[in-house]
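Undergrad: just to be clear, the model below is a prediction. Sequence and coordinates:
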Amino acid sequence: MGGIRFYILHMPERLISAIRDIPDFPKKGILFKDISPILSDPSLLQLAIDLLTDTVKDKQIDKVVGIDARGFIFAAPVALKLKAGFIPVRKEGKLPWKTFNEAYTLEYGKNTVEIHQDAITPGDNVLLIDDLLATGGTACAAVKLINKLGANLINVSFLIELDELKGRNKIDAPVTSIIHY
């Protein structure tokens with residue numbers, strides 16, 4: 001147990017130290033958490049993927065859903081590690097097949113996301129991944145799309161969570177975040 005506790009408490013510190021704060025991006029008043037340094041370092045990227053995969057250890061996952069766009073970076077390799085399929089949830093108009101869509105608001109605007117209508121088979125065990133949980137709008141929309149397809153949503157996993165914004169309270173599913181601010 002001591003080894004696992006050390007892993008949970010100390011490994012994210014390596015990731016935290018690599019994240020840059022960018023003030024007033026993408027608009028004034030937003031403090032953007034830039035994960036580019038994690039992505040450019042193979043050992044940090046691997047650590048992020050391993051920690052996100054561990055959020056569903058000992059669970060059978062059939063599909064890993066990634067949210068456009070930074071969620072894709074983590075969801076596809078997690079899907080490979082879990083021997084599961086990868087499903088993109090994309091911004092409106094980006095998917096070429098029949099879709100379901102869900103509109104939502106976020107801290108600096110409105111948007112709509114979509115999923116292919118045949119992306120998930122009813123009863124599939126699904127893990128949803130994104131890079132950051134802020135107000136929860138995007139994740140809530142993705143959860144609604146996954147539920148519309150009849151999946152068993154096992155977990156919603158984030159690399160980063162901005163606790164003050166209380167986004168997890170809006171998500172009707174188990175939520176796990178690796179890093180908390």
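TA: Sure thing, it's come through.
Undergrad: tell me how far stretch 26-44 lies from the chain's centre.
TA: Between the centre of stretch 26-44 and the centre of its chain there are 15 Å (C-alpha atoms, centre = their mean, to the nearest Å).
Undergrad: three-state assignment of Arg168?
TA: helix (DSSP: H, G, I helix; E, B strand; the rest coil).
Undergrad: find the residue at the geometric middle of this structure.
TA: Central residue of the chain (C-alpha atoms, centre = their mean): Asp130, 1.6 Å from the mean position.
Undergrad: so what's it bridging to?
TA: Phe158 (DSSP bridges).
Undergrad: dump the residue contacts of it.
TA: Gly66, Ile67, Arg70, Gly71, Phe74, Thr138, Ala139, Ala142, Val156, Phe158, Leu159 (C-beta atoms under 8 Å, 6 or more residues apart in numbering). Yep, even glycine has a C-beta here, placed from its N, CA and C like the rest.
Undergrad: so the third one makes contact with Ser36?
TA: Spelled out, that is Arg70. No: at 10.0 Å, Arg70 and Ser36 do not qualify as touching, with contact defined as C-beta atoms under 8 Å.
Undergrad: of those two, which one has the most company?
TA: Arg70 (17 against 12; other C-beta atoms under 10 Å).
Undergrad: let me see the backbone angles for that one.
TA: phi -70, psi -20 (degrees, to the nearest 10).
Undergrad: list the contacts of it.
TA: Ile35, Asp130, Asp131, Leu132.
Undergrad: give me that answer again for 10 Å
TA: Ile35, Ser36, Leu39, Ile129, Asp130, Asp131, Leu132, Leu159 (C-beta atoms under 10 Å, 6 or more residues apart in numbering).
Undergrad: how near is the fourth one to Lys81?
TA: Just to be clear, that refers to Ile129. Separation of Ile129 from Lys81 (C-beta to C-beta, to the nearest Å): 12 Å.
Undergrad: of the contacts of Arg70, buried ones?
TA: Listed as buried from the contacts of Arg70 are Ile35, Leu39, Ile129, Asp130, Asp131, Leu132, Leu159; burial here means 16 or more other C-beta atoms under 10 Å.
Undergrad: what's the pLDDT at the fifth one?
TA: Asp131 is assigned a pLDDT of 98 by the prediction.
Undergrad: quick check: it touching Ile49?
TA: No: look at Asp131 against Ile49 with C-beta atoms under 10 Å: they stay out of range, at 11.9 Å.
Undergrad: could you name every residue contacting both of these two?
TA: With C-beta under 10 Å, 6+ apart, Asp131 and Ile49 have common neighbours Ile73, Phe74, Ala75, Leu159.
Undergrad: closest one of the contacts of Asp130 to Pro26?
TA: Arg70 (13.0 Å; C-beta to C-beta).
Undergrad: quick one: the closest one from Asn169, how far?
TA: 22 Å.
Undergrad: I'd like the next helix or strand past the helix-or-strand element of the chain with minimal mean pLDDT.
TA: Here the helix or strand of the chain ranked lowest by mean pLDDT, DSSP states H and E is helix 2-18, holding a mean of 65. On the C-terminal side of helix 2-18, the closest following helix or strand by DSSP states H and E is strand 20-23.
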